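Student: with the sequence up front, the predicted model follows.
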Amino acid sequence: MVAFGKRDRSSSGYADAARAAREQGFEAVERLAGGRAAVFHRETIALAWARAERDPWPGTHDRFREIAGIVERALTSLGVDARTGEIPGEYCPGEYSISARGERKLVGLGQRIVKGASHIGGVIVVSDSPRVRDVLVPVYAALRLGWKPDTTGSIEDELGSVAWDNVAEALLREWRDGRELTEASLDTETLALAARLEADHLSPGGAA
């Protein structure tokens, strides 16, 4: 899918951008966190961290730094020269993007704050970076956004063949440091609510 942010939705080219995504086989959806359009496919890892916060506003950058640090250390443990910071010309630019060598974006992070809670979401491109670039070229053209497609990369571009599961496990190892993780499934009530709300998060033009 191509996930569009709030600023994308206010663009006069939004409907054309959603159409461009669907023409390439990607569903177009509206996400809560983050800035500009980002791509999720089978060789990416989507992550989300929601927390109850009595007063979420003061800790915005602390939470960003915490999750960026987890992801950066996980990629470093795999052998990537991972660095946090925006690359000029990257897609969905952000201060807490994580790149390889400061040249190719591998990870995007976004945050949403509501009363009493915070949510950080992100995407890690494990492999198949050309697919990310190819779908974003017409999408960003429709949104009239300038960017440099060659700043888009993947972990595989840096290390050669890499298993999705190995990247996920490296991420969990760092997340476990000083934390207790419990594997769980969403309950039927939550899944039913998600199904009811799904249509509200589709971009204009209907499903692909």
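Tutor: That came in fine, so what should we check first?

Student: relative to residue 178, how far out is the spatially closest residue to residue 152 that is not a sequence neighbour?
Tutor: In this structure, residue 152 finds its nearest non-sequential neighbour in residue 133, 4.8 Å apart by C-beta to C-beta, 6 or more residues apart in numbering. C-beta coordinates here come from the backbone N, C-alpha and C atoms, glycine included. From residue 133 across to residue 178, the span is 37 Å (C-beta to C-beta, to the nearest Å).

Student: ok, the two, which is more surrounded?
Tutor: residue 133 (17 against 6; other C-beta atoms under 10 Å).

Student: surely that one and residue 149 touch.
Tutor: Yes: between residue 133 and residue 149 there is a contact under C-beta atoms under 8 Å: 4.5 Å.

Student: and residue 185, that one's in a strand?
Tutor: No: counting by DSSP: H, G, I helix; E, B strand; the rest coil, residue 185 falls outside a strand, being coil.

Student: give me the neighbour count for it.
Tutor: Neighbours of residue 185 under the rule other C-beta under 10 Å: 7.

Student: do residue 168 as well
Tutor: Neighbours of residue 168 (other C-beta under 10 Å): 15.

Student: just checking, what packs against the helix or strand containing it?
Tutor: Using DSSP states H and E, residue 168 maps to helix 164-176. Where contact means 3 or more C-beta pairs under 8 Å, 6 or more residues apart in numbering; DSSP states H and E, helix 164-176 is packed against strand 44-52, helix 60-78.

Student: can I get those in JSON lines including distance to residue 85 and mean pLDDT?
Tutor: Shown next, in JSON lines, are the helices and strands packed on helix 164-176 (distance: least, C-beta to C-beta, whole Å; pLDDT from 0 to 100):
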{"stretch": "strand 44-52", "distance to residue 85": "19", "mean pLDDT": "95"}
{"stretch": "helix 60-78", "distance to residue 85": "9", "mean pLDDT": "97"}
